[in-house]
Structures are given as C-alpha cells and as structure tokens.
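Novice: sequence and predicted structure, then a few things I'm wondering about:
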Amino acid sequence: MKHYPPEFGVHGSHGHCRELLARAGAAEGLVLDLGCAAGPLAEPVQALGADYVGVDIDADAIAALRGRGFEGHVLDLSGDDDAVLAALQGVVGERGLTAVLALDVVEHLVDPGPLLRALGRLAAAHPGLHLVVSIPNVTHTDIGIKLLLGRWDLSKIGLIDDTHVRFYNERLVTETLARAGWVEADAHDVVNAFSDQLFPADAPALRPGAPLRQTMWRIRMAAGPGGETYQFVRRFAHDPEAAAAVPQTPIVDGSPDDDDRTFLSVIVRDGGGHGVDALRALLSDLLAQTSDDFEVVLGGCDGDALETVGALLSEPGQPPGDGEGGPLPALRPGVPVRAVADPDEGDWRDAAVAAATGRYVSFLDASARVAPGYVAAIRDAVEELPGRVVQHGAAAAPAATLAECRSVPFADVAAGREPLALEPLDLATTVPFGTLVLAAHAVPREACASNGLRFAAGDPEAAATLFLVRGVEMCGIVRTSDCLAVVDEESGLRDLAKDVEFVSAELDRTPVVLPEGAGSQLLYLRSIVAALVPQRDELVTQVDALNDQVKVLSNLVRTRDAELTRASAEARSPHSALARGVRRLGRALRRL
C-alpha cells in the first residue's frame, strides 16, 4: 500500500482545504475525510471546531489515525452508487454532516460517478453540505512540455502519480462534478510555477530562463488559465438545478469537419461615428457577397444602437432573414447578425471575437467598403494555405469621398485608387515599414480561442498592430493582391514605425518565434551590418581627423587673437610715451 507524506502543509492542498473550510464557516458538525491516508487534516479540522472522521482503504493508516485519538474507518470507495452511499451512511450515522473532503481521491477512481452521486444523495439529508476536492492538473506547463519531448514520467507522488487512472483539466473537474449535481462555490488552487515533473533539469525546454522554455511557457499561459496550477482545490455545493445548466463538452467522434462551421465572422463597429448611412452602405456590400458562408458581428451594439441596427436590417427591400441572429434579423437567409455589447473592461474586439463562431474573423469599421468577392477571396486564400493570417489588398480614400459614395457600387469607389503598400508583418524582413490596415486582414479565430491572441491594453491602434504581429508570428501569413476593401485614409491606416516602441516592449517580454527562412534573412542582415562596419570605421576615422583639424584651427585662432591683442597694445603705447614727454617738458619750462 502506498504511503503519502503525513505532514500537514500550509501551502499545499491540505492547507488550502482548511482555508476553504474556514471561509465556508465549517466550524461545527462532522467533517468526513475520504481517502484520508495518515490524516494530516485531523488536527487542523479539529482546531476549527468540527469533529474529524477519516476513512481510507489502507488499514495501517487508519490504525495510525486512531492511535492519535481520532475516529477512523477502513472503507472502499469503488463500489456502485448504493453500496458507496450505504457505507458512508454507516460511518456518519445520525450525526450532522458539515463537509466531505476528497483530496487526491477522484483521480484514483476509474469512474468517480458513483462516489460523487452517492455524496449528492447524502447531501439531500444534510442541507448545506460542503464538498472539497483536490485534483492534480494534467495541463500544467511542465507536463505539456514533456509531452512535446515524448516523455510521460510516472512518479511515486505528484502530478503523474503511478496510481492515477484518470487525468483532469479545469473544464473536466467542473463538468465531472456537475454531472453528479455539484457546482463550484469557492476555489483556492495550489500554484507552482515549477512542478515535480521538472526533470531532466538541464533539458532546454524545462530549464527555467532558457529561451525554449520561455517560449513554451508563453504559449501555454496565453492559451488559458492553469498553466502554473499544480492542484485544483475547490469547494462545491450540491445544486442539481444549477449543475444541469453547466455546459458539457461532447466527446469528439473523429476529427471535426471545418466545413460544418461558418467560415468568416465579419466584426463591424462604427468607431468613427460615421452614422447609420455608413453602416447601411457596408451592410449593402455584405448583402451583395457572392458567398453566404459568413456572419456579421456588430460590436458596441447595445441600447439605442441595437434598435438602430434592427431597424436598418428590417428596412424595405431587405430580404427576409431566417431569425438566426437572435434579437436581430438576419442579413439574408443563412447569414446571421449578432450584436455584442461593450465589455465592462478589456477591448471590445476581444469580446466580439469571443462571441463569433466563424473559423476566421475580420474587422471592419462602418466607414469601410468591401468587394462582392470579399468573403470568397479570403476563403480561397485559406484553402491555399489553411490556418494562416490572410492579408488582402486594400485602398484608401478620404472620409468625405467615402461619405459621398455610399450609394455607389464598390467597383466605382475603388476605381483608379492605388493599392496600399501594406506592412509585410515580418520581423526579419529587410523591407521598410509599410502601411498597416487591420481591415486588410482575416485571422484564424482559434489563434484567439486556443492560443490566447488578444488586443493588448493601452493604445487601441498600437494594440491592433501588435495583434497582427503576434498573429503572424503564431500562424504565418498568406497574401492575395486582390483589392477587397477601401478604408478611411485617416482612421483606417496605421504606420508600424509609429508603434515600434509599444510593439518592441511587448515582444521583448518573451522569446519570439520566427518562421522558416527567417534565419537566413537574419544572417543576411548581419552580413550587411558586417559589410558596413569598415565603412563606419572609416567614417569614424575621418570624423576624428576632422576633429583634430578643428582643434588645430581653434588653437590658431586663439594664437592670432593673442597677437592682435598685443599689437593693439603696442599701437597704443607710443602715444602714451609722447604724452609723458610733453608733461615732463612742461614741468621743466615752468621751473625755468
């Protein structure tokens, strides 16, 4: 029988469990500790004012617990619902049960359902019963890195204990408990940036501070919470009605087909206050798309704005929708329109992306105009290179011109306009900075949903620049020269050169991933620098020589200045001597 450390650790799962009990006010009644082992929580629970009872399958551990003066029972928790319930009722008897602890228990059960359901039935007889669980986190950064290294190292205790038969992330903890009627009431997880799986210690992917580990750490931490969570320590309450509302993720049967999903979510917002007429023109362009494999997500749409958009979509001449857009009519059959209110905090674009359902997302200001083949061209580019950020051609026009052309077809608006020289978004390129247009890009939504791509806090325009730079860093890029959009030349354009300081500060926080071919580009840049070094050194020598000449000239000027001063003094001196001679002669004549 395996033996676990008997000591009570304040900063481990036992200490966090005690804190959860204290926060819940569990200061009296019976606390039943399932899988108690040596009972390290016995004295801390007793100190709260509650009565402690431990149960475990290990008879020796129970004997040791009884030897310390606590009640203990040998119990197997692996039976069916009725058997487990009967065993638990036999231990509790007529006593009032305040809390049940299941620390490091659930992961040892092939099917935790019978135990959790039995505890739910037990809770019916003990209203307000608290259930505290502690479950290791299989999505800790260290485990993810070691899987990439092809390693699955079992250990005597820890994240991958050799007696664990099931493994959990945070979602599975919530869903597993919810299926038995339990909902989370409080949390106090154990967080360890470096786990017991941090070996071999000198592996670059594991060594703290190594660029490879830092890169993997950034990817894991951006993907979602829990990258440094060692154990989920949670308190649950029995509430079958609330638990029934917890979404359950279906078990995937094979690889999901991307063709079953909407392709593009077009996120629209009137960021420049262009008004209903501008939005009407853009919606007309979207209505004229040659493909209906998209949806429209309206950001910042609440209150009066929601009513305005609803009225706009219901205007005469608008094709009847199919109701897919919830409170808003569809743009046309099969093309839903969703409205998203501004979040209380954070960037509105992140909220819009979270509400989107498409494989890709694009961002358009209401003043923009798009070609009839906008959606289809982006989809063609994705079919060429799936999963990449799509950059398409774009042009710009003054806001006044766009306002005058709102009833004009896109082709006439774009006619005669030079395509913009767009920023290549390649950190290793030798190409000068170009124009950056958020509306000229479509980004895989999973880069946001799975890899945590977000709009950084601070300057919203600079945040858009960083968003695209990070997006291309993650996904790569595919380009099409087709001019698919015309944007406001004042509000729709950005120069990366203006955002270098903001972007550099964010990129410098962790290592950066460069695409294939970037290494040769960087070496080419170094070769250019190396070729320029002799020229620089020659220029430095020339500057030093010029400085020496300046010093010589300065000394010569000072010498000439001194000579002039002396000459001036000498020029004045004969007049002084003559005056003195005249005075002496005058005195001599007076004496005579």
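Specialist: Perfect, thanks for sending it.
Novice: from now on I want contacts and neighbour counts done on CA atoms only, so please keep to that.
Specialist: Noted.
Novice: what about stretch 343-354, average pLDDT?
Specialist: In this model, stretch 343-354 carries a mean pLDDT of 93.
Novice: who's in contact with it?
Specialist: 267, 297-300, 340, 342, 361, 445, 448-449, 454-457 (C-alpha atoms under 8 Å, 6 or more residues apart in numbering).
Novice: what are the C-alpha coordinates of the longest strand along the chain, in CSV please?
Specialist: Determined from DSSP state E, the single longest strand within the chain is strand 477-488. In CSV, the C-alpha atoms belonging to strand 477-488 read as follows (Å, rounded to 0.1, in the frame of the first residue of the first chain):
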residue,chain,number,x,y,z
ILE,A,477,0.7,34.6,-43.4
VAL,A,478,-0.8,34.1,-46.9
ARG,A,479,-1.2,37.1,-49.2
THR,A,480,-3.6,37.9,-52.0
SER,A,481,-3.2,41.1,-54.1
ASP,A,482,-6.9,41.4,-54.8
CYS,A,483,-8.2,44.8,-53.6
LEU,A,484,-11.1,43.7,-51.4
ALA,A,485,-11.6,46.8,-49.2
VAL,A,486,-11.4,50.6,-49.3
VAL,A,487,-10.9,52.3,-45.9
ASP,A,488,-10.9,55.8,-44.5
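Novice: how close does Glu570 sit to Ala27?
Specialist: Distance of Glu570 to Ala27, computed by C-alpha to C-alpha, to the nearest Å: 108 Å.
Novice: more neighbours, the two?
Specialist: Neighbours were counted for Glu570 and for Ala27 using other C-alpha atoms under 10 Å; Ala27 has more, 18 against 11.
Novice: verify the stated contact: Tyr4 with Cys36.
Specialist: No: taking C-alpha atoms under 8 Å as the definition, Tyr4 is not a contact partner of Cys36, at 9.9 Å.
Novice: what about the two, which has more around it?
Specialist: Counted by other C-alpha under 10 Å, Tyr4 and Cys36 do not tie: Cys36 has more neighbours, with 28 against 12.
Novice: pLDDT weak spots in the stretch 151-300 of the chain?
Specialist: Residue ranges of the stretch 151-300 of the chain with pLDDT under 70: 255-258, 271-272, 274.
Novice: would you map the strands across it?
Specialist: In the stretch 151-300 of the chain, the strands defined using DSSP state E, counting those that start in this stretch lie at 182-187, 190-191, 229-238, 264-269, 294-299.
Novice: quick one, the first one and strand 229-238 angle?
Specialist: Right, strand 182-187. Calculated by axes from the mean of the first three to the mean of the last three C-alpha atoms, to 10 degrees, strand 182-187 forms an angle of 120 degrees with strand 229-238.
Novice: give the buried residues for the longest strand of the chain.
Specialist: For strand 477-488, the neighbour count (16 or more other C-alpha atoms under 10 Å) marks 477-479, 482-488 as buried.
Novice: partner strands of it and their direction?
Specialist: Strand 477-488 sits in its sheet next to strand 369-370 (antiparallel), strand 389-397 (parallel), going by DSSP bridges.
Novice: among the contacts of stretch 343-354, name the buried ones.
Specialist: 267, 297-300, 340, 342, 361, 445, 448, 454-456.
Novice: where in the stretch 451-592 of the chain is pLDDT low?
Specialist: By pLDDT under 70, the low-scoring segments of the stretch 451-592 of the chain are 571-580, 582.
Novice: how many other residues sit next to Gly358?
Specialist: 22.
Novice: make 10 the first number, not 1, from now on.
Specialist: Got it, first residue is 10 now, which makes that one Gly367.
Novice: in this structure it contacts Leu273, no?
Specialist: Yes: under the criterion of C-alpha under 8 Å, Gly367 makes contact with Leu273 at 4.7 Å.
Novice: what do those two both touch?
Specialist: Contact with both Gly367 and Leu273 is made by residues 303-304, according to C-alpha under 8 Å, 6+ apart.
Novice: quick one: list the elements packing against the helix of greatest length in the chain.
Specialist: Looking across the chain with DSSP state H, the single longest helix is helix 527-600. For helix 527-600, not one helix or strand is in contact under the criterion 3 or more C-alpha pairs under 8 Å, 6 or more residues apart in numbering; DSSP states H and E.
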